[in-house]
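# have a look; sequence and predicted model below, questions after that.
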Amino acid sequence: MNPTPPTSGSGNLRNVPSRVGYFRWVICALLLFGTTKNYMDRQVLGILKNTLQHDFGWNEIDYGNLVSAFQIAYAVGMLLVGRLIDKLGTRLGYALAMVFWSLASMGTALANSFGTFALSRYALGFGEAAVFPASIKAVAEWFPKKERALATGIFNAGTNVGAIITPLIVPWIVIHWGWKSAFIGIGALGFVWLAFWLLVYRKPSEHPRLSKMEMEYISSGVTEPTGKISWGSLIPRRQTWAFVAGKFLTDPVWWFYLFWVPGFLQTKHGLALTGIGIPVMVIYVISDVGSVAGGWLSSSLIKRGRTVNAARKTAMLICAIGVIPVVFTYRVESTWSAVLLIGLAAACHQGFSANLFTLTSDMFPARAVGSVVGIGGMAGAIGGFFIATVVGHVLQWTGSYMIPFVIAGAAYLVALAVIQVLAPTLEPAVIDGAAQS
């Protein structure tokens, strides 16, 4: 017996027919590897923080300013690149971004001063801004609403995969060939991914490998108008601001983990560059579980008859509560206790983030998703700029990580409360006189 394909947005979604097909998950794997590459490029600096501070004489404020250069460019890029993704389409837009940021990553090897490092980080941040608008747009194109949180959780797990791989291979590269080779080698991996992307990715309606049944399943219950959506029609919407607020409040916490945790383990727990690989790997393995589990939880609740609104926010509330113990990290003496506390918080961040990203495709049509994610990503990067400034100055003045970890523990409950106020039912945004679906 073949059940009828589910209606998008319904609270009573039926099971997927076994003969629907699975090619959409090949697309999800491509997105996973793209996000992995993205985070490998951006984390190299965090792994080499103490090494570069020693070689170039940078203090904590200098390092914070380098992170800020990335964040400023990422914010600008999110605003512009998200719009460009909607204009050029996912395939071409993501491909161009991968080329740009891979070259920027490789170009860091040419840096020989604070100014040239800042320039390379600025270029990297601008190019990397495309990864989430493009990925979320691809998920909106390739997945029905009931599967989007799970698909987002899977590709978002690439952030953790990248963060796991990088601290394992960068020290080895540095020992054998120097820090410049780390930037060149990891940056060059983007061209391997690019070949597979151009070979495999198309829109579902244009893809020769997609079965008719899977195509019907992907598009079931979805009727959207075509054409461009202006920023002017997105900015006034409270649904836009719900996503923007969530990103502004929670993204900075992830930047803190990415750029400062390796240094925290070296400075506060006495680990050498070659000794941070395993602890950082454990943090992001735990985080990977949270990314997939957070997406799975809300998708599972929808399948069991819960509304999209209840499912997403239940998953986000569980994650927001799970983050709270990280506030004690700065006080624990055991390295592995600190690692497990950060790992739990990172896992909950990723589960929260998977559902937060999915809110865009819950409330907006696919043609607007790239722009909305870009606007929210810009807000997250602005928040990241502030956290980089705060952490750099706090560490330089006090040497204590207390304030950053307290911020990390409180941000998610605040974010969820703001989202609830602005989007209490996740009502679809009315764009051009019509709701999103």
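Everything's here; your move. Numbering: from 1, shown residues only.
# for Ile136, give its distance to Leu168.
With the distance defined as Cβ to Cβ, to the nearest Å, Ile136 ends up 28 Å from Leu168. (Glycine included, C-beta is placed from N, CA and C.)
# neighbour count for these two, which is higher?
When Ile136 and Leu168 are compared for neighbours, Ile136 comes out ahead with 31 against 14, by other Cβ atoms under 10 Å.
# surely that one touches Thr152?
Yes. Under the criterion of Cβ atoms under 8 Å, Ile136 makes contact with Thr152 at 6.9 Å.
# residues that sit against both of those two, list them.
Phe357 (Cβ atoms under 8 Å, 6 or more residues apart in numbering).
# show me where the stretch 251-400 of the chain has helices.
277-303, 308-323, 335-363, 366-398 (DSSP state H, counting those that start in this stretch).
# any idea which of the ones you listed is most buried?
Most buried of these, by mean neighbour count (mean count of other Cβ atoms under 10 Å): helix 335-363, with a mean of 25.
# what's near enough to touch Ile173?
181-182, 185.
# export those residues to TSV and tack on pLDDT and secondary structure?
Formatted as TSV, those follow (pLDDT from 0 to 100; DSSP: H, G, I helix; E, B strand; the rest coil):
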residue	pLDDT	secondary structure
Ser181	91	helix
Ala182	91	helix
Gly185	91	helix
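# who wins for most neighbours among those residues?
Within these, neighbour counts (other Cβ under 10 Å) peak at Ala182, which reaches 26 neighbours.
# these two touch, right, that one and Gly46?
No. Using Cβ under 8 Å as the test, Ala182 is too far from Gly46 to be in contact (11.8 Å).
# skipping adjacent residues, who's closest to Tyr257 in space?
Ala346 (5.7 Å; Cβ to Cβ, 6 or more residues apart in numbering).
# quick one: the one you found and Gly290 touch, right?
Yes. Contact criterion Cβ under 8 Å: Ala346 and Gly290 qualify, at 7.0 Å.
# show me where the chain dips below the pLDDT cut-off.
Judged against pLDDT under 70, the low-scoring parts of the chain cover residues 1-20, 82, 221-231, 273, 432-437.
# going by secondary structure, the closest residue to Ala188 other than its chain neighbours is in what exactly?
Computed as Cβ to Cβ, 6+ apart, the closest residue to Ala188 that is not its neighbour in sequence is Met106, at 6.3 Å. For Met106, the element it lies in under DSSP states H and E is helix 90-107.
# against which helices or strands is that helix packed?
helix 23-47, helix 60-88, helix 114-128, helix 131-142, helix 179-200 (3 or more Cβ pairs under 8 Å, 6 or more residues apart in numbering; DSSP states H and E).
# and the contacts of Ile173, which is closest to Thr335?
Minimum distance to Thr335 across the contacts of Ile173 is 24.2 Å, recorded for Ala182 (Cβ to Cβ).
# for Pro404, which of the helices and strands packed on helix 90-107 is the nearest?
Comparing the helices and strands packed on helix 90-107 under Cβ to Cβ, the one sitting nearest is helix 60-88, at 11.3 Å.
# what angle separates that closest one from helix 131-142?
30 degrees (axes from the mean of the first three to the mean of the last three Cα atoms, to 10 degrees).
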